[in-house]
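# model the structure of this input:
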Amino acid sequence: VQLQASGGGLVQPGGSLRLSCAASGLTLDDYTLGWFRQAPGKGREAVSCLDNSGTYKFVADSAKGRFTVSRDNSKNIGYLQMNSLKPEDTAVYYCATDQKPYCSGYADYWGQGTQVTVSS
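As a prediction, the model looks like this:
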């Protein structure tokens, strides 16, 4: 099983990025898709999660109204669309998949992380 996260980079405040999580070795549609982040000197936090039925969606307060999690099951890829980015969004972002139908820091599989830096 492999999760390949990509799409990070340097963006100015107010800008947008779309992170991708390409899954191989598993069918993404069978799992809850989660996005987590870890900023320097801080613990890992859940950003947004979507279960496989689409009925459960978690969005952290810090991301509400700005970030949207989605999935393209035909491509086996998950996404995190991030708009109106702020410097405090700077972190390494990880995707994860879990058979549990909710956000969990103990997900079954984790991607390698992609760096997002928001700075002018």
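# which residues pair with the residue most central in space within the chain across the strands?
Centroid-nearest residue in the chain: residue 35, 2.5 Å away (criterion: C-alpha atoms, centre = their mean). Beta-bridge pairing of residue 35 under DSSP bridges involves residue 48, residue 95.
# what sits against it?
For residue 35, the contacting residues are 19, 21, 46-49, 67, 69, 78, 80, 93-96, by C-beta atoms under 8 Å, 6 or more residues apart in numbering. Yep, even glycine has a C-beta here, placed from its N, CA and C like the rest.
# also residue 4?
Contacts for residue 4 (C-beta under 8 Å, 6+ apart) come out as 21-24, 111-112.
# and if we set it to 10 Å?
Contact partners of residue 4, counting by C-beta atoms under 10 Å, 6 or more residues apart in numbering, are 20-24, 77, 95, 111-112, 114.
# those residues: which two are farthest apart?
Using C-beta to C-beta, the pair of these lying farthest apart is 24 and 114, separated by 16.5 Å.
# which of the contacts of residue 4 fall in strands?
Taking DSSP state E, the ones among the contacts of residue 4 that sit in strands are 20-24, 77, 95, 114.
# now a ChimeraX select for only the buried ones of the contacts of residue 4.
Filtering the contacts of residue 4 down to the buried ones (16 or more other C-beta atoms under 10 Å) takes a single ChimeraX command:
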select :20,21,22,23,77,95,111,114
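# what's the closest of the contacts of residue 4 to residue 105?
residue 95 (13.4 Å).
# gap between that closest one and residue 7?
Separation of residue 95 from residue 7 (C-beta to C-beta, to the nearest Å): 10 Å.
# which neighbours do these two share?
In contact with both residue 95 and residue 7: 19-21, 79-80, 114, using C-beta under 10 Å, 6+ apart.
# closest to residue 104 among the residues you listed?
residue 21 (15.9 Å).
# that closest one and residue 29: what is the separation?
13 Å.
# shared neighbours of those two, which are they?
Joint contacts of residue 21 and residue 29 (C-beta under 10 Å, 6+ apart) are 71, 76.
# on that earlier part again, farthest-apart pair in the shared contacts of residue 95 and residue 7, please.
Most distant of the shared contacts of residue 95 and residue 7, by C-beta to C-beta, are 79 and 114, 12.3 Å apart.
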